[in-house]
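In: sequence and computational prediction follow.
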Amino acid sequence: MLFLHIKRDRRDDTEKQDRLREAGTLNRTPERFSDPMFAVGEFFDARDLLQVRYEMVRVVRLGEVTLAQAAARFGVSRPTCFRIVKAFDGGGLQELIPARRGGREGRTRSARRYCASSRTTGPCTDVWERAGWHR
């Protein structure tokens with residue numbers, strides 16, 4: 001097997017990390033797994049969560065390791081490993097992209113903050129009363 005060692009500059013690493021973060025595929029804990037493919041060469045990047053998940057599915061599907069071994073090797077729990085393999089089987093590569101993190105009610109929270117900061121006779125008084133919110 002031939003591995004090319006390409007010298008990367010630090011700026012490239014930062015830019016890639018920023019792109020991964022924007023796409024929602026930045027692996028926040030790349031140090032947690034010990035797959036040998038990610039220790040050699042420049043192609044495999046432990047920060048790329050999509051690539052890490054695909055490799056985990058690939059080694060399980062090829063029969064190279066069991067689910068439990070893959071979970072340990074890639075730093076996830078066995079249920080998480082099983083869920084990822086099952087998701088890939090059901091929907092392909094797109095199912096390996098993590099769901100967006102964070103609350104789903106951002107607008108509601110900011111509206112509540114706005115209403116809480118307004119005066120009792122402000123524009124939200126009626127909304128507060130109808131919604132049953134008490135200050």
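Out: Looks like it came in fine. Residues are numbered from 1 along each chain as shown.
In: so the nearest residue to residue 95 once chain neighbours are set aside is in which element?
Out: Distances taken as Cβ to Cβ, 6 or more residues apart in numbering put residue 87 closest to residue 95, at 3.9 Å, once the chain neighbours are dropped. All C-beta atoms are positioned from the backbone trio N, CA, C, and that covers glycine. Using DSSP states H and E, the element containing residue 87 is helix 78-91.
In: tell me what that helix is packed against?
Out: The contact analysis (3 or more Cβ pairs under 8 Å, 6 or more residues apart in numbering; DSSP states H and E) places helix 78-91 against helix 49-61, helix 67-74.
In: what's the angle between the last one and helix 78-91?
Out: Looking back up the chat, that one is helix 67-74. On the basis of axes from the mean of the first three to the mean of the last three Cα atoms, to 10 degrees, helix 67-74 is oriented at 100 degrees to helix 78-91.
In: give the buried residues for helix 67-74.
Out: For helix 67-74, burial by neighbour count (16 or more other Cβ atoms under 10 Å) applies to 70-74.
In: okay, the residues you listed in CSV with pLDDT and distance to residue 31 next?
Out: Formatted as CSV, those follow (pLDDT from 0 to 100; distance: Cβ to Cβ, whole Å):
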residue, pLDDT, distance to residue 31
70, 93, 17
71, 92, 16
72, 91, 14
73, 89, 13
74, 88, 12
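In: make a markdown table out of these and add distance to residue 37.
Out: Formatted as a markdown table, those follow (distance: Cβ to Cβ, whole Å):
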| residue | distance to residue 37 |
| --- | --- |
| 70 | 12 |
| 71 | 16 |
| 72 | 15 |
| 73 | 10 |
| 74 | 11 |
